[in-house]
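Novice: Give the three-dimensional model of this entry:
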Amino acid sequence: MSVRAEDEVTRICQDLIRIDTSNYGDGTGPGERKAAEYVAGLIEEVGLSADLFESAPGRTSVVTRLEGSDPSLPALVVHGHLDVVPAQKQDWSVDPFSGEERDGLIWGRGAVDMKDMDAMILAVMREMARTGTRGRRDLIFAFFADEEAGGSYGASWAVDNRPELFDGATEAISEVGGFSATIGGKRTYLLQTAEKGISWLRLKAHGRAGHGSQINTDNAVTRLAGAVSRIGAHEWPIELTDTTRAFLDGVTELTGVEFDPENPDKLLSELGTVARFVGATLQNTANPTLLSAGYKHNVIPGTAEALIDARTLPGQEEHLLEVIRGLAGDGIDVSYEHKDVSLEVPFSGNLVDSMVDALQAEDPGAPVLPYTLSGGTDNKSLSRLGITGYGFAPLRLPEDLDFTGMFHGVDERVPVDSLKFGTRVLSRLLRGY
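Specialist: Numbers count the residues shown, from 1 in each chain. Presented below is the predicted three-dimensional model:
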C-alpha cells in the first residue's frame, strides 16, 4: 500500500529538525550539506533525479524537477530553505534540535521557519512520484542553503550560476503565507503577496584614540552611541502599499473597525497574534542590532561600529538610506552589508485563485487576505529571473498559538494536525494547478 503524504510529513519534519543547520551568518556554522544529502536521498528514493550542488564547502542546495502533463504551460518553483537561525539550548523547554513531539506539536528550531514547509513539499512530491501523479505544469522543487543570511550561498548563487535549473518557470511559492489567524472571531488565512526590502547597514564612527582617563571631545563610542540612539528612536511615518491597503480593507470587512493612521493600534488590536507581524509592514523600520568598539577598559578606541537591520517598503530604499545618514550625523560612515529588493505582486490571477481554492476546499468559507511580509524570502533572488513569488506554506493553526511570534524565537513548534492540513492543501494545489 502506497504511503500517503500526510502519513510521512511528521517524520520528515522531525528528521530535518534533528539535523543542525544553524546559520551564524559568518560561515562558521555546520552548513547545510547533511540536510541536503537527506533531502536528495528522499528525492532519489522515489525515482527522481536530485541535482545537489555547493556554492562553498558545506553550503549545499538541492533541486529536482517533476514533469507536468502540459509542456506548453510555464513551470512553477516550489522552494524552501534548509538553514535555520541559531538556538541557545539553555533558553528552550526542549533540546532545539530534538524534533520532539509533545502535546501534538513538533518542537525544535525550524519547526516554523521553515522545515515544516520543507517536509510538506517533500511529502507531496514523494507521493506524486510514487503514484505517477503529474500536475499540469512542470514543478521545480528547490531546497536552498543560506536564506537566513541573505541567500548569497543559496538561492542567489543558484540564480547566478545555475539559472538553467529554473528554465520555463514564471511563478514560485515558498514560506510565510497561507497560515491562519483569528480576525474578528473568524479563522482567516494570510497569503503573502509582498515583502519588504532588506537594507542591512553598518555604521562606523571615527574619533580620536587616547587614554581613558583623559578628556576626549572626539570620542568614537560617544558619537556612535548618539547615532544609534537617534536611529533606534526615530518614528517612521505610516505609508500603506497597495497590498497593505487591501489587507486592512479586508480586516475592516471582518471586524467593522476602520483603519486610523493616527491610531493604528485600534485596528491592529483586532488581529490577535499577528498584530505585531502586520504592524511592522505599515512603515519602514530600522533597528540597531549589534555594537562593537574598543579592546581595553582604559583605552578610548579610534573607531566604533554598529549594525542596523532596516526593512524598506517598495520604492523606499534610497529614501531610507538618506534618512539614516541624516540621523547618524557627521563623523559616521554608513555602508551596506547586504541589500535586496522589496517585492509586491498582484492578489489575482490563476495561481492566486488556485491557492485560495485549495485552502477553502479544506476549510470551506474561510476568508483569504493578501498581506505584506516584514522579513524577506528567497523569492527576492528568483525575481531576478522574472519569477513572480508568493508566500504559501499553508497551516490551519489553533487560535491561541502565537505562530508568528515563534519565527526566530524560543520554543518553535508546529501542530502535527497543521502539518497534515498543509500537506493536503499543498497536494491539491500542485496536482491541479
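Novice: other SSEs contacting the least confident helix or strand in the chain by mean pLDDT?
Specialist: Averaged element by element with mean pLDDT, DSSP states H and E, the chain has its least confident helix or strand at helix 275-279 (a mean of 85). Helix 275-279 makes packing contacts with helix 265-268 when contacts are defined by 3 or more Cβ pairs under 8 Å, 6 or more residues apart in numbering; DSSP states H and E. Just so you know, the C-beta spots here come from the backbone N, C-alpha and C atoms, and that holds for glycine as well.
Novice: who touches the helix it packs on?
Specialist: Leu248, Val251, Thr252, Thr255, Val257, Glu258, Phe259, Asp260, Ala275, Val278, Gly279 (Cβ atoms under 8 Å, 6 or more residues apart in numbering).
Novice: now stretch 82-90, how far from the centre of its chain.
Specialist: Put simply, stretch 82-90 sits 15 Å off its chain's centre (Cα atoms, centre = their mean, to the nearest Å).
Novice: Tell me the first helix or strand C-terminal of the least confident helix or strand of the chain.
Specialist: Using DSSP states H and E, the helix or strand that follows helix 275-279 in sequence is strand 285-293.
Novice: What residues sit buried inside that next one?
Specialist: Thr285, Ala286, Pro288, Ala293 (16 or more other Cβ atoms under 10 Å).
Novice: Contact partners for the first one?
Specialist: For Thr285, the contacting residues are Lys196, Trp236, Ala310, Arg311, Ser374, by Cβ under 8 Å, 6+ apart.
Novice: Which element, helix or strand, includes Ile106?
Specialist: Going by DSSP H and E, Ile106 is in strand 105-107.
Novice: Name every strand pairing with that strand and say which way it goes.
Specialist: strand 101-102 (antiparallel), strand 413-415 (antiparallel) (DSSP bridges).
Novice: Is it possible to get TSV of those strands that adds distance to Arg384, mean neighbour count and mean pLDDT?
Specialist: TSV is the format used below for the strands paired with strand 105-107 (distance: least, Cβ to Cβ, whole Å; neighbours: other Cβ atoms under 10 Å; pLDDT from 0 to 100):
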stretch	distance to Arg384	mean neighbour count	mean pLDDT
strand 101-102	39	13	95
strand 413-415	31	23	97
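Novice: So for Glu318, which of those strands sits nearest?
Specialist: strand 413-415 (38.5 Å; Cβ to Cβ).
Novice: Looks to me like Lys390 is in a helix.
Specialist: To be clear, residue 390 is Tyr; Lys isn't right here. No. Assessed with DSSP: H, G, I helix; E, B strand; the rest coil, Tyr390 is strand; it does not lie in a helix.
Novice: The closest residue to it other than its chain neighbours: neighbouring residues, count only.
Specialist: Excluding the flanking residues, the one nearest Tyr390 by Cβ to Cβ, 6 or more residues apart in numbering is Ile173, at 5.2 Å. Counted with other Cβ atoms under 10 Å, the neighbours of Ile173 add up to 28.
Novice: Contacts only, for Pro264.
Specialist: Ile238, Gly279, Leu282.
Novice: most surrounded residue in these?
Specialist: Neighbour max across the contacts of Pro264 (other Cβ under 10 Å) = Leu282, 22 neighbours.
Novice: Nearest residue to that residue in space, please, no chain neighbours.
Specialist: Ile238 (4.9 Å).
Novice: distance of that neighbour from Gly375?
Specialist: Separation of Ile238 from Gly375 (Cβ to Cβ, to the nearest Å): 19 Å.
Novice: How about Gly156, nearest residue that isn't a chain neighbour?
Specialist: Wrong residue type there; residue 156 is Ser, not Gly. Ser381 is the one closest to Ser156 (Cβ to Cβ, 6+ apart), at 4.4 Å.
Novice: re earlier: may I see the contacts of helix 265-268 arranged in TSV, with distance to Gly185 and secondary structure as well?
Specialist: TSV is the format used below for the contacts of helix 265-268 (distance: Cβ to Cβ, whole Å; DSSP: H, G, I helix; E, B strand; the rest coil):
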residue	distance to Gly185	secondary structure
Leu248	18	helix
Val251	12	helix
Thr252	14	helix
Thr255	8	helix
Val257	12	coil
Glu258	18	coil
Phe259	18	coil
Asp260	21	coil
Ala275	15	helix
Val278	17	helix
Gly279	20	helix
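Novice: For Ile198, which residues count as its bridge partners?
Specialist: Those that pair with Ile198 in a beta bridge, by DSSP bridges, are Arg311, Asp340.
Novice: related to what we said a few turns ago, other residues contacting the strand holding Ile106?
Specialist: 10, 13-14, 17, 93-94, 98-101, 111, 116, 411-416, 419.
Novice: tell me which residues in it are buried?
Specialist: Here strand 105-107 shows Leu105, Ile106, Trp107 as buried, counting by 16+ other Cβ under 10 Å.
Novice: just stretch 253-268 next, same as before
Specialist: Quick answer for stretch 253-268 (16+ other Cβ under 10 Å): Leu254, Thr255, Phe259, Pro264, Leu267, Leu268.
Novice: tell me the contacts of the first one?
Specialist: By Cβ under 8 Å, 6+ apart, Leu254 lies in contact with Ile183, Gly184, Lys186, Thr188, Glu270, Pro367.
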